[in-house]
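K.L.:
got a sequence here, can you model it:
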Amino acid sequence: MQTATKYFSKRSDSAGNFSFLFEKDFATNQITYARPEGYQWQNNHRSGSKVFKRLYFPNTSSYAYLERQSNKRDSFLEKDEQNPNRYYLIVDGSQCMGEGCMTEETIVSVIVPKRFKVLNYKAQVDGKWLDWKAGDWKVIDGTYTFYRRNLQGATVGLQLEDAANYGYTRMTDAFSANKSIEVSNEGNRIRVVMPLDKLFASGSADMEKEGLAWLKTLQTSLKDINYQELRVEGHTDNVPILRKGNGGFVSNWELSGARAANIVRYLIGEGVPSDRIAAVGYAETRPRSNNDTADGRQRNRRVEFSIITSDTPAGSTGS
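P.N.:
Alright, predicted model coming up:
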């Protein structure tokens, strides 16, 4: 989130000699691509009383460039000091700097990754900020576009919330009183690990009363999180089932899968959308501790909830 690439393009109805002005100390290696070829850099270009660095495109009706930016130098992303999960993103629509410069049509578009929730947005026109959501905006899914005619340039600002970090904070707060439940943040995944012994009796897929209370807390917290998918994973130790238990399970595969499926069935009944939840049983194939000790086997008996907070594929990483 500390680097970005800005794409700028300009079109005209007729061919001519076009140029774009940058501050005189602008580093030209920040421009990683420019078209059409044959462009020129000119230092100490004067416009009115000011001196600029000029990117010059002779005899063309359009031009475009890519500019590499860093937050340290260009300050396009600010963190909210009151809320560490929120940011303020500033996207410069490339202001005209020359004297008397006017752009007939300005369009500034920002594509926001699904990981982030847009709380608010506004535009700066000719150096003055408009009110929140004022002006000519078009919002389609995660693309926010500001449009205005006959001005020097425009800048847009968006208030963002990191859904992954917010979800992690929400889950951590929800289970803070229960030290046996682990919550971790792994990129676009929030992982909640519950010990199996409080969820199910040995050899059974019927949920215990305390485990149901945990699941209700999980379901309530999910209402506040912008997530794409919830994966419920059942894990066991390596002790084989020597005889059929009350549920008729012949192996840890059937047992772990049935436990995960029963949790999914319960959560759907409590309001979790059925198209955003999945169940899988891993039996003893993904241990997190050595099965040679009682403590290790107890750690391996667990249910893991993977809350995927973006559309980026994330394979299961149960250890």
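K.L.:
show me where the stretch 151-300 of the chain has helices.
P.N.:
In the stretch 151-300 of the chain, helices defined by DSSP state H, counting those that start in this stretch lie at 163-174, 209-222, 252-269, 294-300, listed in chain order.
K.L.:
the stretch 1-150 of the chain now?
P.N.:
Remark: helices assigned in the stretch 1-150 of the chain by DSSP H, counting those that start in this stretch are 71-74.
K.L.:
run a quick neighbour tally on Lys209.
P.N.:
7 (other C-beta atoms under 10 Å). Where C-beta positions appear, they are placed from N, C-alpha and C, glycine not excepted.
K.L.:
give me the pLDDT value at it.
P.N.:
Model confidence at Lys209, expressed as pLDDT, equals 93.
K.L.:
from now on call the first residue 638
P.N.:
Sure thing, new numbering starts at 638, so read that last one as Lys846.
K.L.:
looking at the helices of the stretch 788-937 of the chain, which one has the lowest mean pLDDT?
P.N.:
helix 800-811 (a mean of 85).
K.L.:
wait, which of the helices of the stretch 788-937 of the chain is closest to Arg868?
P.N.:
Closest approach to Arg868 among the helices of the stretch 788-937 of the chain (C-beta to C-beta): helix 889-906, 9.0 Å.
K.L.:
helices or strands up against the closest one?
P.N.:
Applying 3 or more C-beta pairs under 8 Å, 6 or more residues apart in numbering; DSSP states H and E, one finds that helix 889-906 contacts helix 846-859, strand 866-872, strand 914-920, strand 939-945.
K.L.:
the same query, at a cut-off of 6 Å, please.
P.N.:
Helices and strands touching helix 889-906, by 3 or more C-beta pairs under 6 Å, 6 or more residues apart in numbering; DSSP states H and E, are strand 866-872, strand 914-920.
K.L.:
burial count for Ser911?
P.N.:
For Ser911, using other C-beta under 10 Å, the count is 10.
K.L.:
surely it meets Ile905?
P.N.:
Yes: with contact defined as C-beta atoms under 6 Å, Ser911 counts as touching Ile905 (5.1 Å).
K.L.:
what sits closest to Gly730 if chain neighbours are left out?
P.N.:
Val745 (3.8 Å; C-beta to C-beta, 6 or more residues apart in numbering).
K.L.:
the one you found and Arg785 touch, don't they?
P.N.:
No: between Val745 and Arg785 there is no contact under C-beta under 6 Å: 8.8 Å.
K.L.:
list residues touching both of those two?
P.N.:
Shared contacts of Val745 and Arg785 (C-beta atoms under 6 Å, 6 or more residues apart in numbering): Ala791.
K.L.:
one step back: want to throw the helices of the stretch 788-937 of the chain into JSON lines with distance to Pro924?
P.N.:
Below are the helices of the stretch 788-937 of the chain laid out as JSON lines (distance: least, C-beta to C-beta, whole Å):
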{"stretch": "helix 800-811", "distance to Pro924": "24"}
{"stretch": "helix 846-859", "distance to Pro924": "21"}
{"stretch": "helix 889-906", "distance to Pro924": "12"}
{"stretch": "helix 931-937", "distance to Pro924": "5"}
